[in-house]
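Q: Take a look and give me a structure for this.
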Amino acid sequence: MVQATLFLLILSLALGAHSLSPKRCKLTGHWVNDLGSTMKVSAVGEDGGFSGTYLTAVTATTNEIKESPLQGSLQRKNQKGQPTFGFTVNWSFSESTSVFTGQCFVEDGKEVLRTMWLFRRHENRTEDNWAGT
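A: This next block holds a predicted model:
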């Protein structure tokens with residue numbers, strides 16, 4: 001009887017261990033940053049490519065802010081469930097583009113994107129190149 005109980009305990013631990021596996025990041029969905037900007041990613045392809053939209057909550061222009069298209073790539077070789085990614089936003093309301101790169105982390109059971117970004121606006125003269133970035 002003791003052997004049977006021990007076997008059942010080990011079996012239940014082994015079966016339960018599957019549910020304890022770490023959560024994996026999924027880039028698809030609706031994301032909101034700490035400034036209120038939103039990003040929507042509809043699907044990630046088998047090759048890691050994805051598209052979606054970005055609506056910024058902040059801008060330096062007086063133009064009306066509009067939802068803008070984004071194109072990106074997710075590193076599919078990452079087997080740890082916290083992949084790196086990058087995407088470009090072609091702003092619909094200004095002559096500018098932004099690129100983002102980052103990683104999806106699972107923090108306290110919640111998916112979180114940590115990114116860095118670079119903004120580039122149009123400049124008329126090469127002498128103003130640095131000011132445009």
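
Q: Mind pulling up the pLDDT for residue 57?
A: Looking at residue 57, its pLDDT is 90.

Q: Look up how far residue 36 lies from it.
A: Here the distance between residue 57 and residue 36 works out to 4 Å (CB to CB, to the nearest Å). Bear in mind the C-beta positions are built from the backbone N, C-alpha and C, glycine included.

Q: So residue 120, which state does it fall into?
A: strand (DSSP: H, G, I helix; E, B strand; the rest coil).

Q: One more: residue 99?
A: Of the three states, residue 99 takes strand under three-state DSSP.

Q: got the contact list for it?
A: 86, 87, 88, 89, 117, 118, 120 (CB atoms under 8 Å, 6 or more residues apart in numbering).

Q: and with 10 Å instead?
A: Residues counted as contacts of residue 99 (CB atoms under 10 Å, 6 or more residues apart in numbering) are 70, 72, 86, 87, 88, 89, 116, 117, 118, 119, 120.
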